[in-house]
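Engineer: dropping the sequence and predicted coords here.
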Amino acid sequence: MTDYILSIDQGTTSTRAIVVDHAGSIVSSGQLEHEQIFPQAGWVEHNPKEIWDNTREVIGQALSKANITRHNIKAVGITNQRETAVVWDKTTGDPVYNAIVWQDTRTQPIVDRIADGNVERFKAKVGLPLATYFSGTKIVWILENVPGAREKAEAGDLLFGTTDSWVTWNLTGGIDGGVHVTDVTNASRTLFMDLETLKWDDEILGIFNVPKSMMPVIKSSSEIYGTVSESSLLREVPVAGILGDQQAATFGQAAFDAGESKNTYGTGNFLIFNTGEEIIHSKNGLLTTLGYQLGDNKPHYALEGSIAVTGSLVQWLRDNIGLIKTAAEIEDLAKTVDDNGGVYFVPAFSGLFAPYWRSDARGALVGLTRFVNKGHIARAALEATAFQTREVLDAVNADSGVDLTELKVDGGMIANNTLMQFQADILGVPVIRPVVAETTALGAAYAAGLAVGFWSDLDELRANWQEDSRWTPNMETTERERQMRLWKKAVTKTFDWIDDDVK
């Protein structure tokens, strides 16, 4: 009987279950999208019950397609959209409100109140600026705005978790003994975890007025947290790995050591640079975060550049504007023109993340003339992803003191060859795509498999990584500098858009 690891990838737009073999290859998968809920401008929500229902269904899909049962699965790994916050009643199992998604900006007044003029108030301890991005302020919003939530929380009846905690709790029994845990990578995205002690900080929880009883137990990224409940197709299988999606992608790229990195092209873009066992505090707009921790071993830290809108810009052009009918059409449309026609598209739909951290920014399409057509706009949308990545990479180079010589990439947008070539051009370094592009799910599988001995060590995982494609830069230095100068000029046009009377 052949053994496998099953990885649950609970992402921003969909939930997937993927069966992984010992060689790190994808055997089968199941996937379901969930509804994106926009109650008003700046608000983004998901239905946690829909996510859990979809999780159960995609597990069945993946097992069925591989023609295997739970007896073939040695462990379950979980990876997830990181800062999305779920608060639920531990006695009923019901969420008290929809999940508030990482893209949501409604908590800006809470950020302003707690920051009291200093968004870096807790950065030395938690590695993060105060921003709507992180889950801490989302918990506060729920406690302050959902009737009865504060009282239930104070009574110890409410639990908080990012979606890894929500899925794990339900998978291991829910109200009948569900395990309430998270791992260090997800905990490091809340604003509440001390980077050095890897524990919840009582002082910061007190300032936010969040009861500690709501918080999950912080575990390593690779250990047995519990077993799947009797009601599941995977009953009795150990749940043994949890990594936030970007850290999982880094792990799946076998970027285990200091100086190694990856860039994920998804709903947003996330570049992670492994700093090893050293905590490096960014001076250039990056986040200091946990990379991974294996069991009782020392944790690995990372610098991260988070970009809010990349793949979701293509989705916006498809769904909101109707410029294309499918996401894949964006490349063909962009190839109808030779260049961007002088157009730059800064997709600051929910403000700007790294390296600017400007919540007052909003999207801008600049450089328009009568010459411009839809092909130029499509190309400008793709180039926006590459330009934003270049700015983040410049910040990584400045903080680390070591210039990256190549960039490993993963995520849905790396199928776009036009984008990948422009990315290499604007960076001036090679861009490398692996054979297995599903590195997020693969990373969670690796973490779970290491915990149960399915893989013996990191060297075995390194041997699984294989290069698929490589793009080398062919843009002249002067043109690269000109493009970046115009991009940075375009970015400044998005600043200071939000006034007190603008919603």
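Structural biologist: All right, it came through fine.
Engineer: for the protein, what's the longest helix?
Structural biologist: The longest helix of the chain (DSSP state H) is helix 374-400.
Engineer: how about it, which residues are buried there?
Structural biologist: Neighbour-count burial for helix 374-400 flags 375-396, 399-400 (criterion: 16 or more other CB atoms under 10 Å). Every C-beta, even on glycine, is put in place using the N, C-alpha and C of the backbone.
Engineer: same check on stretch 92-111?
Structural biologist: For stretch 92-111, burial by neighbour count (16+ other CB under 10 Å) applies to 93, 95-108, 110-111.
Engineer: which of those residues fall in strands?
Structural biologist: Those of the buried residues of stretch 92-111 mapping onto strands are 99, 100, per DSSP state E.
Engineer: any idea how far the closest residue in space to residue 92 that isn't next to it in sequence lies from residue 52?
Structural biologist: Leaving aside its chain neighbours, residue 92 sits nearest to residue 175 (6.9 Å; criterion: CB to CB, 6 or more residues apart in numbering). Computed as CB to CB, to the nearest Å, the residue 175 to residue 52 distance reads 13 Å.
Engineer: who's more crowded, the two?
Structural biologist: Neighbour comparison, residue 175 and residue 52: the larger count goes to residue 52, with 22 against 14 (by other CB atoms under 10 Å).
Engineer: isn't that one right up against residue 170?
Structural biologist: Yes. The pair residue 52 / residue 170 is scored as a contact, 5.1 Å apart, by CB atoms under 8 Å.
Engineer: what helix or strand is the residue of the chain positioned farthest from its centre on?
Structural biologist: Distance from the C-alpha centroid of the chain, by CA atoms, centre = their mean, peaks at residue 370 (38.2 Å). For residue 370, there is no host helix or strand (DSSP states H and E).
Engineer: phi, psi for it please.
Structural biologist: phi -60, psi -20 (degrees, to the nearest 10).
Engineer: all helices of the stretch 301-450 of the chain, in order?
Structural biologist: 311-316, 329-334, 374-400, 417-427, 439-451 (DSSP state H, counting those that start in this stretch).
Engineer: and residue 345, which of these is closest to it?
Structural biologist: helix 374-400 (4.1 Å; CB to CB).
Engineer: which pLDDT value goes with residue 291?
Structural biologist: We have a pLDDT of 96 for residue 291.
Engineer: for residue 171, give its distance to residue 178.
Structural biologist: The gap separating residue 171 from residue 178 is 8 Å, by CB to CB.
Engineer: and for these two, which residues touch both?
Structural biologist: Residues touching both residue 171 and residue 178 by CB atoms under 8 Å, 6 or more residues apart in numbering: residue 229.
Engineer: higher neighbour count, these two?
Structural biologist: When residue 171 and residue 178 are compared for neighbours, residue 171 comes out ahead with 27 against 20, by other CB under 10 Å.
Engineer: got the contact list for the residue nearest to residue 92?
Structural biologist: 90, 91, 92, 93.
Engineer: quick check: the last one touching residue 174?
Structural biologist: Yes. Using CB under 8 Å, residue 93 is in contact with residue 174, at 4.9 Å.
Engineer: number of nearby residues for residue 296?
Structural biologist: By other CB under 10 Å, the burial measure for residue 296, its neighbour count, is 7.
Engineer: next up, phi/psi of it, please.
Structural biologist: The phi/psi pair for residue 296 (degrees, to the nearest 10) is phi -90, psi 0.
Engineer: would you confirm that it contacts residue 221?
Structural biologist: No. Residue 296 is beyond contact range of residue 221, at 11.9 Å (criterion: CB under 8 Å).
Engineer: overlap of the contact sets of these two?
Structural biologist: By CB under 8 Å, 6+ apart, no residue touches both residue 296 and residue 221.
Engineer: what about this structure, any weak spots by pLDDT?
Structural biologist: Within the chain, the ranges that satisfy pLDDT under 70 run 500-503.
Engineer: please confirm that residue 86 is located within a strand.
Structural biologist: Yes. Assignment of residue 86 by DSSP: H, G, I helix; E, B strand; the rest coil places it within a strand.
Engineer: any idea how far residue 96 is from it?
Structural biologist: 9 Å.
Engineer: list of residues touching stretch 413-423?
Structural biologist: 265-266, 310-311, 314, 328, 330-331, 334-335, 379, 382-383, 385-386, 389, 407, 409, 431, 433, 437, 469, 471, 474.
Engineer: buried ones from those residues, can you make that a PyMOL selection?
Structural biologist: Applying 16+ other CB under 10 Å to those, the buried members can be selected in PyMOL as follows:
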select buried, resi 265+266+310+311+314+330+331+334+379+382+383+385+386+389+407+409+431+433+437+471
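Engineer: and the strands in the stretch 201-350 of the chain?
Structural biologist: 217-219, 222-227, 238-244, 261-265, 269-276, 287-292, 300-307, 344-346 (DSSP state E, counting those that start in this stretch).
Engineer: tell me the contacts of the closest residue to residue 235 other than its chain neighbours?
Structural biologist: The shortest distance from residue 235 to any non-neighbouring residue, by CB to CB, 6+ apart, is to residue 228 (5.4 Å). Residue 228 makes contact with 70, 76, 171, 172, 234, 235, 236, 237, 238, 239 under the criterion CB under 8 Å, 6+ apart.
Engineer: try 7 Å this time
Structural biologist: Contacts for residue 228 (CB atoms under 7 Å, 6 or more residues apart in numbering) come out as 76, 171, 172, 234, 235, 236, 237, 239.
Engineer: which among these end up buried?
Structural biologist: Neighbour-count burial (16+ other CB under 10 Å) applied to the contacts of residue 228 gives 76, 171, 172, 234, 237, 239.
Engineer: ok, the third one to residue 228 distance?
Structural biologist: In other words, residue 172. According to CB to CB, residue 172 and residue 228 sit 6 Å apart.
Engineer: between those two, which contacts overlap?
Structural biologist: Common contact partners of residue 172 and residue 228 (CB under 7 Å, 6+ apart): residue 239.
Engineer: on that earlier part again, list just the nearest of the buried ones among the contacts of residue 228 to residue 320.
Structural biologist: Nearest to residue 320 among these is residue 171, at 34.8 Å by CB to CB.
Engineer: thanks a lot, see you next time.
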